[in-house]
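Trainee: Have a look at this fold, sequence not included:
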């Protein structure tokens with residue numbers, strides 16, 4: 001084996017991936033250092049692709065797929081969610097040390113959340129009343145979410161959410177595994 005050819009081949013394979021990595025500059029503009037709070041850092045632990053099954057309040061079981069990406073120079077996490085073939089998205093950003101979550105829901109609403117609980121293996125968010133004008137009697141929307149990572153296996157988690165559907169609160173629960 002020609003060692004030089006092997007080194008050049010491996011270097012050539014890694015070049016396309018380097019084009020998509022986060023950088024500390026945008027052209028000639030230096031990007032600021034990112035200083036985020038504990039909740040944002042907790043969400044960073046979920047970066048990657050997660051797959052599993054979601055059990056709806058009705059007992060119906062559907063496929064759940066989530067991809068978490070770090071974007072915008074490390075200032076935002078974008079989550080692409082596919083639930084039973086329906087795509088949605090959520091964004092997670094740090095605002096002065098506090099996590100702000102915006103969910104763009106298939107129900108036609110865009111609730112905004114704040115952290116209501118956090119530990120080393122779990123985080124819960126609830127509706128931020130100051131940033132929402134959603135009403136249970138008039139809208140259907142997600143009211144809260146919780147992620148609990150298995151302390152023995154960080155590639156396994158339980159995701160739970162509560163949803164106001166036609167004025168009634170329902171709960172859903174998914175068991176997800178991170179794809180490698």
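Mentor: Yep, it's here. Treat the numbers as computed from the prediction; the structure is a model and nothing was measured.
Trainee: Strands along this structure, start to end?
Mentor: Assigned by DSSP state E, the chain shows strands spanning 25-26, 29-30, 48-55, 61-71, 76-83, 86-95, 98-104, 112-118, 122-127, 141-150, 153-165, 168-178.
Trainee: and those, which one is worst for confidence?
Mentor: Lowest mean pLDDT within the strands of the chain: strand 25-26, at a mean of 62.
Trainee: Residues contacting stretch 104-118, please?
Mentor: 38-39, 42, 83, 86-90, 98-103, 123-128, 131-132, 134, 139-146, 163, 165 (C-beta atoms under 8 Å, 6 or more residues apart in numbering). C-beta here means a position set from N, CA and C on the backbone, and glycine is covered the same way.
Trainee: got the end-to-end distance for that stretch?
Mentor: 23 Å (C-alpha to C-alpha, to the nearest Å).
Trainee: Same check on stretch 115-122?
Mentor: Counting by C-alpha to C-alpha, you get 11 Å between the two ends of stretch 115-122.
Trainee: same question, stretch 90-105
Mentor: Using C-alpha to C-alpha, one end of stretch 90-105 lies 8 Å from the other.
Trainee: what comes up buried for it?
Mentor: Within stretch 90-105, the residues that count as buried by 16 or more other C-beta atoms under 10 Å are 90-94, 99-103, 105.
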